[in-house]
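Colleague: coords please:
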Amino acid sequence: MDTSKPLSTTIAGQKLESCIFNASGPKCTTQEELDALGQSAAGAILSKSATLEYRAGNEKPRYYETEWGSINSMGLPNEGYEFYANYAAKAVTHNKPYIISVSGMSSEDNIHIVKELAGNENIAAIELNLSCPNLPGKPQTGYDFEQSRALLEKIFEVAGQPLGVKLPPYFDIPHFEMMAEVLNDFPISFATCINSIGNGLVIDTEEECVVIRPKHGFGGIGGDFIKPTALANVRKFYTLLKDDVDIIGVGGIKNGMDAFEHILCGAGAVQIGTQLMREGTDCFTRIASELQNIMRKKGYTSIDDFKGTLKNMDA
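Modeller: Predicted structure coming up:
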């Protein structure tokens, strides 16, 4: 490890100068937003979750911030996968890995998109989103273990780039184990833990009303509130998945100490979501500086010195 770059890491075989980059969702939809990520201190550029065609997304207001985080029901607004595929040629000028998030509206869409992206050498990796509903009347793909297995079997028949998965939050130990059993049967490169906690509700007590319009106010919860759940998922999948699977932590990271906790649990990189919405791309520089200060005080020269070293209490 290059100790002159203490935050460098490797994800899906790709070198990142910084282990900190954006989560798919906030500020990564348009060319302007992707360029801003490229020009920032983020270690990689991750696209908005791409569907087969352009989507305007749900009716506004669909995003709301609180003191402890955020709630959203965005409805996958994006430019369509061809836009993000075409941007790859521009992304290489930023000299950092470009990753496309894929979240088709059906299994068939996901397979088609991954197959179409396979020949694009400027795409470093694909993050397959298993944490959005894909089939009417079915749960999120990541909560349906048989459906997840069936989809991954088809996906790896056509995948060209290294491929990882973005997972929903799990809460029961058997569910961690069941998903890990599925994932360990495939050559996945990384697992991103976690997407937002689904179907929360935030109320404006002055107006006695929900704060977002779609789904009668129900939406995904992100930010500070979900950090303990995110840390648990990072830790559990770090211990359950094969050693060659990188873990990416996301959820409640707003400062260097939050990033330190995720890495201590086993994350080889971390993604920023709600805080990127609040602060913009300056957050990458600030969080990186704070994390390096923590490492310096503890005598760590690289993130590998403490990645996954979380201690249990003695009996």
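
Colleague: Name all residues that make contact with Lys236.
Modeller: 170, 173, 176, 180 (C-beta atoms under 8 Å, 6 or more residues apart in numbering). (Each C-beta comes from the backbone N, C-alpha and C, glycine too.)

Colleague: now do Gly308
Modeller: Neighbouring residues of Gly308 by C-beta under 8 Å, 6+ apart: 238, 264-266.

Colleague: quick check, it in a helix?
Modeller: No: under DSSP: H, G, I helix; E, B strand; the rest coil, Gly308 sits outside any helix and is assigned coil.

Colleague: sorry, back to before: so which of the contacts of Gly308 belong to helices?
Modeller: Residues of those located in helices (DSSP state H): 238, 264-265.

Colleague: neighbour-wise, which of those leads?
Modeller: Among those, Cys265 has the most neighbours (other C-beta atoms under 10 Å), with 24 neighbours.

Colleague: hang on, that one packs against Arg235?
Modeller: Yes: using C-beta atoms under 8 Å, Cys265 is in contact with Arg235, at 4.1 Å.

Colleague: who touches both of those two?
Modeller: Leu310.

Colleague: just checking, what packs against the top helix by length along the chain?
Modeller: Of all the elements of type helix in the chain, the one with the most residues (DSSP H) is helix 282-298. With contacts taken as 3 or more C-beta pairs under 8 Å, 6 or more residues apart in numbering; DSSP states H and E, helix 282-298 sits against strand 20-22, helix 256-265, strand 269-272, helix 274-279.

Colleague: out of the ones you listed, nearest to Asp304?
Modeller: Among the helices and strands packed on helix 282-298, the nearest to Asp304 by C-beta to C-beta is helix 256-265 (9.4 Å).

Colleague: Against which helices or strands is that closest one packed?
Modeller: helix 227-240, strand 246-250, strand 269-272, helix 282-298.

Colleague: Direction-wise, compare the second one with helix 227-240 and give the angle.
Modeller: Relative orientation of strand 246-250 with respect to helix 227-240: 180 degrees, computed using axes from the mean of the first three to the mean of the last three C-alpha atoms, to 10 degrees.

Colleague: contact partners of strand 246-250?
Modeller: The contact list for strand 246-250 (C-beta under 8 Å, 6+ apart) reads 10-12, 23, 164, 189-195, 230-231, 234, 237-238, 241, 262-263, 265-273.
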